[in-house]
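[1] next input, structure requested:
(one chain, ligands or ions: 2)
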Amino acid sequence: MSKRNLKIAIQKSGRLSESTIHLLRKCDIGFDNGHGKLKSLAFNFPLEILFLRDDDIPQYVADGVADCGIVGENVLAEAGSTLNIVERLGYGRCRLSIAVPRGSSYREIGDLNDKRIATSYPFLLERFLNEKKVRAEIHTIGGSVEIAPGVGLSDAICDLVSSGSTLFTNGLEEVETIMNSEAVLVVRPDLSADLTETFESLSFRMKAVNEARRNKYILLNAPNDSLEEIERLIPGMKSPTVLPLAEKGWSSIHSVIASEDHWLVVEKLKSAGAEGILVISIDQMIR
Ligand code: PRT
Ligand code: ZN
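    Ligands and ions are numbered 1, 2, ... in the order given. Down below sits the predicted model:
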């Protein structure tokens with residue numbers, strides 16, 4: 001009997017779609033994601049991709065309609081899902097926060113007592129308020145939560161925030177953060193042995209792509225008397241590769257550095273005497 005394809009649920013269209021498709025492509029998984037498709041079969045990996053609404057993904061995975069999925073942690077938490085998070089993917093970052101009209105007299109969480117809070121996240125909001133021993137009225141609405149205070153529907157809101165510009169343009173300010181979120185890879189707990197094998201190959205690739213995104217490859221030339229300082233600045237995965245240049249007294253150094261602060265490191269390398277510095281993106285990285 002031939003192996004069954006692993007089914008992965010991803011967001012059909014929305015904030016996570018583009019980055020998720022990009023991630024699968026970086027994993028060298030080829031598929032057609034033409035408009036209006038509900039599913040697509042990868043042509044070089046035993047994977048079927050299901051395009052769904054994000055809110056449906058936790059349930060589809062829990063029910064076994066899909067074997068794994070990529071979804072915002074906020075959606076998972078609001079659904080009270082117990083699915084296993086295998087990998088945090090580093091995109092779709094946002095936070096679930098409470099906001100009040102700018103310039104209101106809010107000072108501390110107790111000020112929300114007896115207030116009306118509009119949200120699409122009633123479960124997480126209620127849990128948070130209970131923890132804080134605050135009693136407020138929760139108004140569950142489907143969307144455009146940020147306009148609720150302006151139209152007199154509520155005194156505060158609880159919604160996702162990323163840049164903060166939606167709050168700003170609606171005259172609101174963030175006062176409490178309930179959770180931080182990013183896209184995550186989840187899997188159902190009872191996969192068969194052959195699907196587990198396929199899932200592990202897939203998550204191995206995703207981890208390698210993720211790790212690569214957090215790092216850069218760096219090459220530079222340096223006079224031998226500054227080698228010690230440079231090796232300290234770019235220790236790399238084990239230790240940097242140091243090769244003699246044809247020009248006497250000089251070496252070429254190769255290493256890996258964190259993307260996060262690589263500009264700072266490059267400046268330090270330059271001050272330490274490095275020349276001809278090349279910083280290169282990595283496709284996949286396995287430690
Ligand atoms: O159609 P479907 O149900 O699949 O999509 P959706 O409309 O429910 O979700 P979508 O595509 O808006 O978001 C998908 C996921 O992206 C969310 O579940 C989060 O995990 C993540 N994400 C990251 C965000 C944001 N950032 C975000 N800023 N989801 C929504 N927002 C909204 C927020 O609700 C608010 O309206 O953007 C606005 C605030 O953004 P800023 O930048 O102005 O602060
Ligand atoms: Zn949704």
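[2] going forward, measure contacts between C-alpha atoms and count neighbours the same way
    Fine.
[3] okay but G273 is in contact with S226, surely?
    Yes. Using Cα atoms under 8 Å, G273 is in contact with S226, at 6.6 Å.
[4] hmm, who's touching the longest helix belonging to the chain?
    Identified as the longest helix of the chain according to DSSP state H is helix 193-213. Residues from elsewhere that reach helix 193-213, judged by Cα atoms under 8 Å, 6 or more residues apart in numbering: 3-6, 23-24, 26-27, 46, 86-87, 89-90, 259, 281-286.
[5] and for stretch 239-257, what's in contact with it?
    215-224, 231, 234-237.
[6] swap the cut-off to 6 Å and go again
    Residues from elsewhere that reach stretch 239-257 (Cα atoms under 6 Å, 6 or more residues apart in numbering): N215, K216, Y217, I218, L219, L220, N221, A222, P223, N224, G236.
[7] Throw those residues into TSV and include distance to R15, thanks.
    TSV is the format used below for those (distance: Cα to Cα, whole Å):
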residue	distance to R15
N215	24
K216	26
Y217	29
I218	32
L219	35
L220	38
N221	42
A222	44
P223	48
N224	49
G236	34
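[8] near ligand 2 too, which of those residues?
    Among the contacts of stretch 239-257, no residue is within reach of ligand 2 (Cα under 5 Å from the ion).
[9] pick the one among the residues you listed closest to ligand 2.
    N215 (31.8 Å; Cα to the ion).
[10] partner residues bridging the closest one?
    A258 (DSSP bridges).
[11] neighbouring contacts of stretch 144-158?
    The contact list for stretch 144-158 (Cα under 6 Å, 6+ apart) reads S97, I98, A99, V100, R116, I117, A118, T119.
[12] would you mind listing the buried residues in it?
    V145, E146, I147, A148, P149, S154, D155, A156, I157, C158 (16 or more other Cα atoms under 10 Å).
[13] do stretch 260-270 as well
    Applying 16+ other Cα under 10 Å to stretch 260-270 flags H262, V265, V266, L269 as buried.
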